[in-house]
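Visitor: One predicted model, sequence on top.
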Number of protein chains: 2
Amino acid sequence: PDAPSLEDGLLRARKFIEHWHGHSLILPSVGPHAPYTSTREMLKACTSLALEYDVPIHIHIAETAKEVEENRSERSMPVVPWVKKQGLFDAKVLAAHCVHLDSGEISTLQHYRAGVAHCPTSNLKLASGIAPITEMLDIGLNVGIGTDGPASNNDLDMFEETRLAALLAKGATSDPTVVPARQAFAMATIMGARALHMSDITGSIEVGKRADLVVLDLDVLHNTPTFQRDQDSIYSQIVYVSKSSDVSDVMVNGEWLMQNRQLLTVDEDQLTASATDYAIKIDDFLIEREQSLLSKLVAIGGMERQESFEIQAKARITDPQKVIDVLQQYPFNIIRHVRYQQYDTYFLFGESEDYRLRIREGDLGDADGKVENVRYRLTLLGPAKEKEFSGSILLSRSRYLAPSPHTLRFYREYFVPVEEREVEKDRLRWQVSFSDVEFYVNLDRLNSPDLGT
Amino acid sequence: PDAPSLEDGLLRARKFIEHWHGHSLILPSVGPHAPYTSTREMLKACTSLALEYDVPIHIHIAETAKEVEENRSERSMPVVPWVKKQGLFDAKVLAAHCVHLDSGEISTLQHYRAGVAHCPTSNLKLASGIAPITEMLDIGLNVGIGTDGPASNNDLDMFEETRLAALLAKGATSDPTVVPARQAFAMATIMGARALHMSDITGSIEVGKRADLVVLDLDVLHNTPTFQRDQDSIYSQIVYVSKSSDVSDVMVNGEWLMQNRQLLTVDEDQLTASATDYAIKIDDFLIEREQSLLSKLVAIGGMERQESFEIQAKARITDPQKVIDVLQQYPFNIIRHVRYQQYDTYFLFGESEDYRLRIREGDLGDADGKVENVRYRLTLLGPAKEKEFSGSILLSRSRYLAPSPHTLRFYREYFVPVEEREVEKDRLRWQVSFSDVEFYVNLDRLNSPDLGT
C-alpha cells in the first residue's frame, strides 16, 4: 500500500515472496486489497505473480452492499464475474468477507475452488451484513473463519468467531439446524485450511501434517459438566461453551509455544510493556490531533491548504429581478452564470473554537436549474469580522478546502461538534467583470431556516 | 407448570411470594409463561396476584414469528395489544425476547414502563429472529440483557451476551453507530435493573443501593493494552474484549462471593462432582430412551397406546369404476364415503429395527375431492406378515397412534431414520356393511413412487 507505483508494489511483493518461499511457517501470498481499490491491470499483474510462484491470492470480495452497487454501476456486473473476467481465478484465491454474493457468484467461487474467509464479528461491527454461508456450505464451498483485523474486531478471538458463525447462520436462515457445532468446528480447522489452500500441511491431526495442537482445559467450572452420549457433544462444548482462556497448551509445527498456560517463546511482561507503550503513543497522537480542527481536517486527507480572504458585501434584496436586469446591462460583462442548490451544515464548536466547519452539498445546475453536477466540499471557516464596515460588509479569511467523500454522519462522529446549523439556499451566481475587475455576484434565496420577513 | 390446575398453580405462586417476600436477595415474581400458553383467565389471575403483592410479572412476548401469526389469527390482534386487553400492564411487566414487535407494540411497552429482556444468543440459536432493540432503545424503553436458559444458550455468559447485543444491533440496522459499548454496558447493568423493576436496589454503584460489585482483571494479555484518551474506551474494553473468565472478585449485597478467582460460598469440587453425576444420569436416560422407537414416541407425548390388528386383502385393479359400481349395489350398504389425499413418509431404521414409523399428512375431502380437513398422524407400524396367505393378503399389527404436531424435519432429527420412503396416494374410502359385518374398502391410486404398469 505504501508503494509509490504499481511496479514498485509488485517488485516488493516479488521480493517478499522470494524471501519467505519455502519457510516452514510462513506462506507468502499476493494481496490486492479489493476489486474496488484495484484496476484491471493490478489484478492481472497480481494473478501473474501468484501463478509464477504458485502462491495464493488474498482479496476482499463483496464486503459491503455499496461496493457491489458501485461495481454493478461502473463495471456493469457483480464483483465475482468482474474479477473472473480479469483472470483472477487462474490463481488460488482466498476471498474475504463475501457478504453480498448471489447464488451465481457462490457457484463461481465453488467452480474455481476459491476459499472464503467468513468474518462475522467484523461484518456485524461494521454493519456490512451477514454472509450467506449456509448456501456456500451447502454446495461444498470451503468456508473458513476469520477474525479480520483489530480495526473491526477488538480481540481477534477464534473461539468467539466460531461460536458467532454457528449462531448467526441459524438466525440468518431462520433454521436452527444449519451450521451445527461439528461443522462450525470444521470451518475453524480443516475447512479453513482448505480455504487457505494449506490443507496439505495443516487443519487436521494427521500423519504427514504439521503438529499444530491446541489443548483445552475442560476442568474449569464453565466447561462442567460434559456429556458423553452423543459423539458430537464435544463439538457443542468447544463451539458453544469453551473460551480462548481455556487454552492451556499450544504446539505449532511440533514445537510447544505454550504449556500449562505459560507462553514459552514470548516474554509476556515485555510484550505487555511494549503494547502499553504503543497505546500511550496512540493516545498522545490522537489527543494532539484532536486539539485542533485543522489537524483533524488534515488527517482525513486530501485537503488543499488554500487560504483565501474574501470581502463580502451583503444586502437583503426585495426584488431580485431588478438585480438580474442590471447585471445584464453594460457596464457589466457576464463571464459565467450558474445556479446552485446548496445544502450546508455548519459544525460549531462552542466558545473554545474560533473556527466553523461547513459541509456543503451543492447541486450545480445550468441557468434553468437543471442539475448538471453534485459536489461535496468541506470548508474550514476562520473567524469572520462581520459588519467591520457599515452597510453589512463582511470580511472573512482562512479557507481550507477539502473534498468531502464521507457521509455527514462520519463527519459528525469525527469532529464531534457542539452545535449544528443547517442552511439551505438556492444560489444564482454570476462571474462578472466590471471595469476590468472580476468578482462574483451571488443572489441567494434562503429556503431554510426561515428568517422571517 | 407442574400444578394440576390453575388454582393450584396460583396457590403455589402465592405461597412462594409470601415465603420470599422481603428477602434481601430474592425478588419473587409471577411468571405466566407466554400469551400463547396462557388463557385470559390465567393472565388476569396472575396480574391480580402480582398487584396484590406488588411484585413483577415475567412473561415471554413475541419470541417467534409463529407465535405472532397464531395470535393474530386466533385473537385478531398482535401479542402486545392482546395482553394489554387482559390488563397485564396494570402490573410491573418484564417481557422476555420481544423479537417480533411492531412500532405500536414497542410504544405500548414504553407507555406502561414494561422492561424487555433481550436474549440475543437464544434468539439466534433457536432461529427466532433478531429483536428490534435499536428502536426500543431510541424511544427510551428499558432493555436489559438476558441469557435465557441452558436449553438455548449453553454457557449463560453475560459478557458474551452483552457483546452479541452490541454487535447484532449494528448488523440488524446496517448502522455501525447504534448500541455503542457504553450503552450495551448500561443494558447489562442499570437498564437491566430498570427492566427488572429493581433499579432502586441494584444496577449501579450508588449510596443506598446494594453493594453488587464485579472486579475484572485487565492485566491478562487479551486485555492489553488499554486506552485512556476516550472516556468511553473502558466500555469498549469491557464489552468487546473482556471475558467472564477475567472476573476475579464478586461481591453481592456487600458480601464477597468470589475473591482472587476463588469461590467463597460454593464448594467448587463438590459442585463439579454433582454436575458430573447429573450429566451421567442425563446421558443414561437418553441412551435408554433412544434404544427404543416406542419410548422415543412416548417421549414426544400425546401418544394413544392403541394397538390394532389389521387383516388386509390387497389387489391391483385395472378398472376402478367396476369396483365402485359393485359397492353401490345390494348387498353392500355404504355407511360413509370419504376421499383422502395422503402424503406418507416412512422412516426405516435398518435391519436392527422391526418397526417402521409413518408420518402421514392426510387431506380429508368430501366425495368430490374438495378438501375439508387436514390431519397429521404418526403411526408406529409393527412387523407385517405380507402374503401370509395366497392372493396378497397382508396381516399387520401393533399400531401406536400419535398426533403429529411437529414438522417432518423435527421427526427426522429426533428419530434419525436410516432410510426414508415417500408414498403419495389418492384414496377413496368406503365404510361398508355386508351381511352385518363392517369393514373398509380403500381404492388407492398411487401418485408416487411410480410402480410401473
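Guide: Nice, I can see it.

Visitor: Run through who's touching the host helix or strand of A:Leu443.
Guide: For A:Leu443, the host element (DSSP states H and E) is strand A:437-448. Contact with strand A:437-448 is made by A:317, A:320, A:323-324, A:327, A:335, A:422-432, as judged by CB atoms under 8 Å, 6 or more residues apart in numbering or on different chains. Just so you know, the C-beta spots here come from the backbone N, C-alpha and C atoms, and that holds for glycine as well.

Visitor: Listing partners with orientation, what would you give for it?
Guide: strand A:419-434 (antiparallel) (DSSP bridges).

Visitor: For the partner strand, what is the distance to the chain centroid?
Guide: 33 Å (CA atoms, centre = their mean, to the nearest Å).

Visitor: Which parts of that strand count as buried, going by neighbours?
Guide: A:Val423, A:Asp426, A:Arg427, A:Leu428, A:Arg429, A:Trp430, A:Val432 (16 or more other CB atoms under 10 Å in any protein chain shown).

Visitor: Show me the contact partners of it.
Guide: A:320, A:324, A:327, A:331-350, A:412, A:438-449.

Visitor: Mind giving me the ChimeraX select for the residues you listed, buried ones only?
Guide: Buried residues among these (16+ other CB under 10 Å), as a ChimeraX selection:
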select /A:327,337,338,339,340,341,342,343,344,345,346,347,349,441,443,444
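
Visitor: What pLDDT is listed against A:Thr121?
Guide: On the pLDDT scale, A:Thr121 is placed at 98.

Visitor: Check A:Ile393 too.
Guide: 62.

Visitor: swap in A:Ala384?
Guide: 63.

Visitor: what's the average pLDDT for stretch A:181-194?
Guide: 98.

Visitor: ends of that stretch, how far apart?
Guide: Start and end residues of stretch A:181-194 are separated by 19 Å (CA to CA, to the nearest Å).

Visitor: Just confirm yes or no for it near chain B.
Guide: No: Stretch A:181-194 lies out of reach of chain B by CB under 8 Å from any CB of the partner chain, never closer than 9.5 Å.

Visitor: And that stretch, how far out from the chain middle?
Guide: Counting by CA atoms, centre = their mean, stretch A:181-194 comes out at 27 Å from the chain centroid.

Visitor: now swap in stretch A:206-220 and tell me
Guide: 35 Å.

Visitor: How is chain A partitioned into domains?
Guide: A:6-210, A:267-300, A:301-448 (automatic domain parsing).

Visitor: Around chain B, which positions in the stretch 201-350 of chain A sit nearby?
Guide: A:219-222, A:224-229, A:236-237, A:240-241, A:243-246, A:268, A:271-272, A:275-276, A:278-279, A:282-283, A:286-287.

Visitor: Please spell out the ChimeraX selection for the buried subset of those.
Guide: Buried residues among those (16+ other CB under 10 Å), as a ChimeraX selection:
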select /A:220,222,224,225,226,236,237,240,241,243,244,245,246,272,279,283
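
Visitor: Can you list which of the residues of the stretch 201-350 of chain A next to chain B are found in helices?
Guide: Under the assignment DSSP state H, those contribute A:Ser236, A:Glu268, A:Leu271, A:Thr272, A:Ala275, A:Thr276, A:Tyr278, A:Ala279, A:Ile282, A:Asp283, A:Leu286, A:Ile287 to helices.

Visitor: Looking at those residues, which one is closest to A:His21?
Guide: A:Leu271 (28.7 Å; CB to CB).

Visitor: which residue packs closest to that closest one, ignoring adjacent ones?
Guide: Spatial nearest neighbour of A:Leu271, chain neighbours left out: B:Leu221 (7.2 Å); criterion: CB to CB, 6 or more residues apart in numbering or on different chains.

Visitor: if we look at stretch A:74-82, which residues are touching it?
Guide: Counting by CB under 8 Å, 6+ apart, A:35, A:61-62, A:67-68, A:71-72, A:85, A:100-102, A:104-105, A:108-109 sit against stretch A:74-82.

Visitor: Quick one, which of those residues are buried?
Guide: Buried members of the contacts of stretch A:74-82, counted by 16+ other CB under 10 Å: A:Pro35, A:Ile61, A:Ala62, A:Glu67, A:Val68, A:Asn71, A:His100, A:Leu101, A:Glu105, A:Thr108, A:Leu109.

Visitor: my read: the first one touches A:Thr64, true?
Guide: No: when contacts are counted by CB atoms under 8 Å, A:Pro35 is not listed as touching A:Thr64 (11.8 Å).

Visitor: Quick check, pLDDT for the nearest residue to A:Tyr240 once chain neighbours are set aside.
Guide: Spatial nearest neighbour of A:Tyr240, chain neighbours left out: B:Asn154 (3.9 Å); criterion: CB to CB, 6+ apart. Note for B:Asn154: predicted pLDDT of 91.

Visitor: Run through the residues that contact B:Asn154.
Guide: A:Ser236, A:Gln237, A:Tyr240, A:Val241.

Visitor: so what's the third one up against?
Guide: Just to be clear, that refers to A:Tyr240. Contacts of A:Tyr240 by CB under 8 Å, 6+ apart are A:Arg163, A:Ala166, A:Ala181, B:Asn154, B:Asp155.

Visitor: And the last one, by the same measure?
Guide: A:Val241 makes contact with A:His222, A:Asn223, B:Asn154, B:Asp155, according to CB under 8 Å, 6+ apart.

Visitor: Checking my notes, the third one in a helix, right?
Guide: No: membership of B:Asn154 in a helix is not supported by DSSP: H, G, I helix; E, B strand; the rest coil, which gives coil.

Visitor: what comes into contact with stretch A:317-324?
Guide: By CB under 8 Å, 6+ apart, the list of residues contacting stretch A:317-324 reads A:Leu428, A:Val441, A:Leu443, A:Arg445.
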